[in-house]
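Engineer: give me coordinates for this.
(2 chains)
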Number of protein chains: 2
Amino acid sequence: MQLPQRAVICEVGPRDGLQYESTFIPTERKVALIRQLIEAGVRRIQVTSFVHPRWVPQMADAEEVCRRLPERDDVIFSGLALNVKGVERAHAAGLRYVDLSIATHEEHSQANANMSVAEAVRQAETMIRLAHHYDMQPQLGLQTVFGYRTPGDTPLERIRELARRFVDLGLESFSLADTTGMAHPVQIQEYVQAVQEEIGDTPLVLHLHDTRGMGLANVLAALQCGVTRFDTSLGGLGGCPFIPGATGNIATEDTVYMLEAMGVRTGIDYRKVAELALDLEALLGKELPGRQTRLLARQRTLSSSACS
Amino acid sequence: MQLPQRAVICEVGPRDGLQYESTFIPTERKVALIRQLIEAGVRRIQVTSFVHPRWVPQMADAEEVCRRLPERDDVIFSGLALNVKGVERAHAAGLRYVDLSIATHEEHSQANANMSVAEAVRQAETMIRLAHHYDMQPQLGLQTVFGYRTPGDTPLERIRELARRFVDLGLESFSLADTTGMAHPVQIQEYVQAVQEEIGDTPLVLHLHDTRGMGLANVLAALQCGVTRFDTSLGGLGGCPFIPGATGNIATEDTVYMLEAMGVRTGIDYRKVAELALDLEALLGKELPGRQTRLLARQRTLSSSACS
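Structural biologist: As a prediction, the model looks like this:
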């Protein structure tokens, strides 16, 4: 099996993971988590989202989180922006990397962003130009690439068109999101190879959710196509409150474990990440799905019961 | 990606899935489950285990389950036997397929079977000969092939030796079990290819557990090596009571979903399997980990809340 020697994990737990958690995590706790993630070896972190606090109260402290970020030249901090104002805020907050994200399915675009895909595309183009104006590095991500209502309901040709169009504007990276967790490995390879033809040297990022348990199988399929960048969240945090039972991103600790076991270096200590996820569970008052986190929880139970 | 056109799922829920459940499932409920699995398209089922009821009370009705099996020439029913007496009981119960299973790690063999691996191997040889004497089709499975305490702690050369030795006696199939859920995709391919060299035309079965979330990634890796037989359990039932939090077999509904999505035909309706798993949850009084089962549960919650 031909696999890359290294992969880069972008930890999105502080943003995608926490955004819909009803327990507000204090800013200092968020910043502590970011520091601990760095100590565990993570070198790319999506730290917050510049959205209106009315929609996502958890991210109301975006500027404050950025202000308190550790000064680390070796770590890339990015923030999510969904409109021009978000890019301006990210710039003002001192971030050099900004992640943009648009829907690809009309129904999803209307429901999530109250605009058509065509409008979202035009807005994203403006945002990319603004990011360049600010000397920021933009990533552009497409949502529900592999299916919204049903697998493949956005035609691959449409994804290719969007990839071509955006990459021509100059992107730090281009991301494909399996927002609904519908992708399967054969589809991953088909879409990845098609998009790779369009984007050339621009790095491709996969943002996978594990709703149907195929998350790590999809990582494997993508690695076999040469993909080396993955968004993950500690503990497998995440999931939409409007879809009870929806699962989050693929878990950082599980992805790192598999990659390292297969000889693909990440520089991350999966045990430390699982420990952070366990700490977060205590704060959130619920179990997280990450398997290494569950294994660690069970080892601790066994250790303590062995003492009694 | 080169994948086989078809795969055969052996449902092991009635045995491996239920064996350690503390709620005794009435015999008629077990037989009903087996009938329903057949209706869902399953054509191979490990229906019970011929072990002493003192060790596994759930399987105390092994003979009665076999007596009540539907008469279906198109379905293969097998039972697990761990000693000569078990093979005799399986034969007396009218089964034509018997699954044998031995430990490969000394510590595991002593703990589980109170004998050395060498003794277990000799006993299994006797059992295979007895199965042939009874005109039964024996499957021989090796446990903890990919790791017991640590990944790869049983040398691959040892697995090859055992494969060669047993296949020479004549097996219906040869099975590699990842009892601890430690296998990763690269290791799966290395071991599978090595064992395929030893066993030639004898079908290879993979028996995977999903403890570290790599179950479906391992299925994908195995498919790429031409493996077409997998043991799975509905709902992802299973897990050892001595290891709290241990997870069960890969879930039938999730495995089938991925296979069918990738164009690998199984003949099984994953939705029907998920419905059976949900029914079983109600009986067991706990949630099962199968993702399609969780999705179905959530859809039902949404449907009912939409009515209120």
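Engineer: which pLDDT value belongs to the nearest residue to residue A:268 once chain neighbours are set aside?
Structural biologist: Excluding its sequence neighbours, the residue lying closest to residue A:268 (CB to CB, 6 or more residues apart in numbering or on different chains) is residue A:41, at 3.9 Å. Every residue, glycine included, has its C-beta placed from N, CA and C. We have a pLDDT of 98 for residue A:41.
Engineer: verify the stated contact: residue A:41 with residue A:265.
Structural biologist: No - taking contacts as CB atoms under 8 Å, residue A:41 lies outside contact range of residue A:265: 10.2 Å.
Engineer: residue A:13: neighbour count?
Structural biologist: 32 (other CB atoms under 10 Å in any protein chain shown).
Engineer: list the contacts of it.
Structural biologist: Shown in contact with residue A:13 (CB atoms under 8 Å, 6 or more residues apart in numbering or on different chains): A:33, A:37, A:232-235, A:237-238, A:249, A:252.
Engineer: state the distance from it to residue A:6.
Structural biologist: 21 Å (CB to CB, to the nearest Å).
Engineer: higher neighbour count, residue A:41 and residue A:265?
Structural biologist: Using other CB under 10 Å as the criterion, residue A:41 and residue A:265 rank with residue A:41 on top: 15 against 12.
Engineer: in the stretch 1-150 of chain A, where is pLDDT below threshold?
Structural biologist: Across the stretch 1-150 of chain A, nothing is flagged by pLDDT under 70.
Engineer: now do the strands in it.
Structural biologist: A:8-11, A:44-50, A:76-81, A:97-102, A:137-142 (DSSP state E, counting those that start in this stretch).
Engineer: can you lay out those strands as CSV showing distance to chain B and mean neighbour count?
Structural biologist: Below are the strands of the stretch 1-150 of chain A laid out as CSV (distance: least, CB to the nearest CB, whole Å; neighbours: other CB atoms under 10 Å in any protein chain shown):
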stretch, distance to chain B, mean neighbour count
strand A:8-11, 15, 24
strand A:44-50, 22, 25
strand A:76-81, 26, 25
strand A:97-102, 24, 24
strand A:137-142, 20, 24
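Engineer: of those, which is nearest residue B:96?
Structural biologist: Nearest of the strands of the stretch 1-150 of chain A to residue B:96, taken as CB to CB: strand A:8-11 at 50.1 Å.
Engineer: what's next to the closest one, contact-wise?
Structural biologist: With CB under 8 Å, 6+ apart, strand A:8-11 has contacts from A:37, A:42-46, A:78, A:205, A:228-234, A:252, A:255-256, A:266, A:268.
Engineer: spell out which parts of the stretch 1-150 of chain A neighbour chain B.
Structural biologist: A:1, A:3 (CB under 8 Å from any CB of the partner chain).
Engineer: let's see 6 Å
Structural biologist: residue A:1 (CB under 6 Å from any CB of the partner chain).
Engineer: check the stretch 1-150 of chain A for the residue nearest chain B and tell me.
Structural biologist: residue A:1 (5.6 Å; CB to the nearest CB).
Engineer: and the helices in chain A?
Structural biologist: Using DSSP state H, the helices of chain A run over A:27-39, A:62-67, A:84-92, A:106-113, A:117-133, A:156-167, A:185-199, A:215-224, A:252-261, A:270-284, A:291-307.
Engineer: let's have these in CSV, adding mean neighbour count.
Structural biologist: As requested, these are exported to CSV (neighbours: other CB atoms under 10 Å in any protein chain shown):
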stretch, mean neighbour count
helix A:27-39, 18
helix A:62-67, 18
helix A:84-92, 19
helix A:106-113, 16
helix A:117-133, 18
helix A:156-167, 17
helix A:185-199, 19
helix A:215-224, 27
helix A:252-261, 27
helix A:270-284, 20
helix A:291-307, 16
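Engineer: next, format these as JSON lines and append distance to residue B:282.
Structural biologist: Output for the helices of chain A, formatted as JSON lines (distance: least, CB to CB, whole Å):
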{"stretch": "helix A:27-39", "distance to residue B:282": "38"}
{"stretch": "helix A:62-67", "distance to residue B:282": "44"}
{"stretch": "helix A:84-92", "distance to residue B:282": "46"}
{"stretch": "helix A:106-113", "distance to residue B:282": "33"}
{"stretch": "helix A:117-133", "distance to residue B:282": "42"}
{"stretch": "helix A:156-167", "distance to residue B:282": "41"}
{"stretch": "helix A:185-199", "distance to residue B:282": "33"}
{"stretch": "helix A:215-224", "distance to residue B:282": "28"}
{"stretch": "helix A:252-261", "distance to residue B:282": "29"}
{"stretch": "helix A:270-284", "distance to residue B:282": "27"}
{"stretch": "helix A:291-307", "distance to residue B:282": "24"}
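Engineer: circling back to that earlier point, just give the number of residues close to the residue of the stretch 1-150 of chain A closest to chain B.
Structural biologist: Residue A:1 has 14 nearby residues by other CB under 10 Å.
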